[in-house]
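>>> Build me a structure from this.
(one chain, ligands or ions: 1)
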Amino acid sequence: MAKPERLKNLIGGEWVEPRSGAYLERHNPADSRELVAIYPASNAEDAEAAIAAAQKAYPAWRLTPAPRRAEILYRAAELLVQRKEAFARDMTREMGKVLVETRGDVQEAIDMLYFMAGEGRRLYGQTTPSELANKVCMTTRAPIGVAGLITPWNFPMAIPSWKLAPCLLCGNTAVLKPAEDTPLSSLNLVRILIEAGLPPGVVNIVMGRGAEVGAVLVNDERTRIVSFTGSTTVGRQVGQQAAARFKHCNLELGGKNAILVMADADLDVAVDGSLWGAFGTSGQRCTATSRIVVERSVYSKFVQRMTERTRELKIGNGLDEAHQVGPIVNARQLERIAEYVAIGRNEGARLVIGGAALNQGELAHGHFFAPTIFADAKPSMRIAQEEIFGPVVTIMPCDGLDEAIAIANGVGYGLSSSLYTANVNAAFRALRDLESGIVYINAPTIGAEVHLPFGGMRNTGNGHRESGMATLDVYSEWKTLYVDYSGHLQRAQIDTQE
Ligand code: NAD
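Okay, the predicted model is just below:
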């Protein structure tokens, strides 16, 4: 077992102990005997000091040309490429995802940094004719100020990169509050940004509990942007608090994503996709497939094949490359999943496979849960409505595309959905009618690419998008510029009438 790292906060370019002197521990969820990191239990004073440092760094960073800011992001991407394997291993030990997935998480941060580095020489605004003679009109993106960035544990490097890269590129400074379960992986990204040449105070990281540190980032008058990814419950509170102070605020919240399988679909491809969508990251993705709606004529065959493939999955410590499904992030989440399985049984859904924690042999010291399938469920059941955030998928029959789409749309969330079909007309109807921020055809609900917008409808967010060019609207303010070079007064809407 590797030695545990003792982490410090980064405030104003200095690695510092928390004011309280108190620390928290993070243990490996695949083997809780391993202590992975000891990290600061920061308090409001630490958060306030970090905000002050970010505010101090803002004037110079704001005036640093965007292409120069972008060069630092580019260098960070290059450094991350070199450290990819080491950081992926840290992440597997810290939060459990299997290595192939933690490499993907680091790769997503690399992709995001390269993408935003390219944006440094664009950051396009518009130029447009004026209604008056001898007058020029244009728009630019202006930075906003200090950003408070609050992130979850399931993509502990990718999600901080989705926020930090556009935030810094646009000329803002930042305080990052990583999730309690994953301080090390988020810190690894910050270390790389510092090594790449980011000036002191431009990025700060304060570790600790959400209610203590996160709440300060949301409520302090000096943070002008709040970007939050996490649960809908906390997100609603964050959104209300940020709104009270008119902050730029984007919320990326929960999901209850569905795959729809039509009778004409290639069933093997649909089963492959469903397996990956439901049990990748042990189902702990906001885009995880947690419902599958199958046309009745192929329903039994689909349930049978899905069950057979689920039985073959290899579960265990993600550092062993033979394993396909790792542990659940912590004991609390494991209990929550078991509670949902009990709810599903009580509601009368048919438990086809799984349904219990795994704690025999090599799994004895970890938080493992068997990949679980419920079949013959009704769309109104709680297991088909509420986010479980674990390896539990609910399969339901339907009669045709219209009913499948109605079931998919019949939940409070609207993040990702998918249709498997060979019928091009059905595909385009689904692309139009599925009410989710992301729609896939013949691919599972997971697997976003960084140059496209990411986010959801209804209870999944507040209408903003992360990633892609769309994310720039979170981290910059449109400024409209008029230059009149006529040498006399010209009045819009009035002097145009003659
Ligand atoms: P969570 O809401 O418990 O915590 C998220 C972050 O918020 C953590 O850093 C936490 O410390 C902080 N926090 C907690 N209370 C706070 C408060 N009062 N004020 C400010 N910050 C506070 O979520 P989680 O368990 O870490 O993550 C799982 C959830 O995140 C799931 O619902 C999942 O769907 C969602 N998620 C969404 C996306 C997306 O992009 N839509 C991506 C990943 C995860």
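
>>> residue closest to the middle of the chain?
Ile159 (4.8 Å; C-alpha atoms, centre = their mean).

>>> ok, that one - contacts?
151-152, 229 (C-beta atoms under 8 Å, 6 or more residues apart in numbering). From N, CA and C alone the C-beta is placed, and that goes for glycine too.

>>> Ala47: helix or strand, and which one exactly?
Here Ala47 sits within helix 44-63, counting by DSSP states H and E.

>>> helix or strand right after that helix?
helix 66-95.

>>> what comes up buried for the helix holding Ala47?
44, 46-55, 57-58, 61-62 (16 or more other C-beta atoms under 10 Å).

>>> what does stretch 73-87 give?
Buried, per 16+ other C-beta under 10 Å, within stretch 73-87: 73-77, 79-80, 83-84, 87.

>>> hang on, the earlier thing: is the residue nearest to the centre of the chain part of a helix or strand, or is it coil?
Classification of Ile159 using DSSP: H, G, I helix; E, B strand; the rest coil returns helix.

>>> quick one: it and Met95, what's the gap?
Distance from Ile159 to Met95, counting by C-beta to C-beta, to the nearest Å: 12 Å.

>>> for Ala404, same thing?
Distance from Ala404 to Met95, by C-beta to C-beta: 34 Å.

>>> Neighbour count: those two, which is higher?
It is Met95, of Ala404 and Met95, that has more neighbours when counted by other C-beta atoms under 10 Å, with 31 against 27.

>>> Not counting sequence-adjacent ones, nearest residue to the more buried one?
Thr182 (5.1 Å; C-beta to C-beta, 6 or more residues apart in numbering).

>>> got a list of what that neighbour touches?
26, 91, 94-95, 153, 156.

>>> quick one, helices of the chain?
Along the chain, the stretches classed as helices by DSSP state H are 44-63, 66-95, 99-119, 158-169, 183-195, 215-219, 232-244, 267-279, 296-311, 331-347, 401-409, 424-433, 472-475.

>>> Now do the contacts for the residue of the stretch 51-200 of the chain found nearest the ligand.
The minimum distance from the stretch 51-200 of the chain to the ligand, using C-beta to the nearest ligand atom, falls at Pro152 (3.2 Å). The contact partners of Pro152, by C-beta under 8 Å, 6+ apart, come to 159, 179, 229-231.

>>> Okay, now the unreliable bits of the stretch 251-400 of the chain?
Within the stretch 251-400 of the chain, not a single segment meets pLDDT under 70.

>>> The ligand contacts on that one?
Within the stretch 251-400 of the chain, the residues that sit near the ligand (C-beta under 6 Å from any ligand atom) are 252-255, 286, 387, 389.

>>> Filter those residues down to the buried ones.
252-255, 286, 387, 389.

>>> now these in TSV, with distance to Ala408?
Listed next are those as TSV, based on distance: C-beta to C-beta, whole Å:
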residue	distance to Ala408
Glu252	20
Leu253	18
Gly254	16
Gly255	12
Cys286	16
Glu387	15
Phe389	19
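
>>> Verify the stated contact: Glu94 with Asn188.
No. Glu94 is not in contact with Asn188 according to C-beta atoms under 8 Å; the separation is 9.6 Å.

>>> what about the two, which has more around it?
Glu94 (26 against 22).

>>> For that one, which residues are in contact?
Counting by C-beta under 8 Å, 6+ apart, the residues that Glu94 touches are 26, 28, 36-37, 156, 181-182, 184-185.

>>> Kindly report the same for Glu14.
So Glu14 contacts Pro200 (C-beta under 8 Å, 6+ apart).

>>> one more time with 10 Å, if that's ok
By C-beta atoms under 10 Å, 6 or more residues apart in numbering, the contact list for Glu14 reads 8, 53, 200-201, 204.

>>> Give me the buried entries from these.
By 16+ other C-beta under 10 Å, the contacts of Glu14 give 8, 53, 201, 204 as buried.

>>> I'd like the distance between the second one and Gly13.
To tie it back to what came earlier, the one meant is Ala53. 8 Å.

>>> residues shared between the contacts of Glu94 and Asn188?
With C-beta under 10 Å, 6+ apart, Glu94 and Asn188 have common neighbours 5, 156.

>>> Ala270 and the ligand: what is the separation?
For Ala270, the distance to the ligand equals 24 Å [C-beta to the nearest ligand atom, to the nearest Å].

>>> quick one, what contacts the closest residue to that residue other than its chain neighbours?
In this structure, Ala270 finds its nearest non-sequential neighbour in Tyr420, 4.1 Å apart by C-beta to C-beta, 6+ apart. Shown in contact with Tyr420 (C-beta under 10 Å, 6+ apart): 259-262, 264-267, 269-271, 273-274, 292, 294-295, 302, 426-427, 430, 440-444.

>>> likewise Gly463?
For Gly463, counting by C-beta under 10 Å, 6+ apart, the contacting residues are 250-251, 437, 455-457.

>>> give me that answer again for 8 Å
Gly455.

>>> Distance-wise, check it relative to Met457.
8 Å.

>>> which residues do those two both contact?
By C-beta under 8 Å, 6+ apart, no residue touches both Gly463 and Met457.

>>> So Asn9 is in contact with Val16, correct?
Yes. Applying C-beta under 8 Å, one finds Asn9 in contact with Val16, separated by 5.4 Å.

>>> Have a look at these two and say which one is more surrounded.
Asn9 (26 against 16).

>>> hang on, the earlier thing: among the contacts of Glu14, name the ones in strands.
Under the assignment DSSP state E, those contribute Asn204 to strands.

>>> Farthest-apart pair in the contacts of Glu14, please.
Lys8 and Gly201 (15.6 Å; C-beta to C-beta).

>>> What pairs with the longest strand along the chain, parallel or antiparallel?
Secondary structure assigned by DSSP E gives strand 31-40 as the longest strand of the chain. Using DSSP bridges, the strands paired with strand 31-40 are strand 5-6 (parallel), strand 23-28 (antiparallel).

>>> Would that strand count as contacting the ligand?
No. Looking at strand 31-40 against the ligand by C-beta under 6 Å from any ligand atom, there are no contacts, and the closest approach is 12.3 Å.
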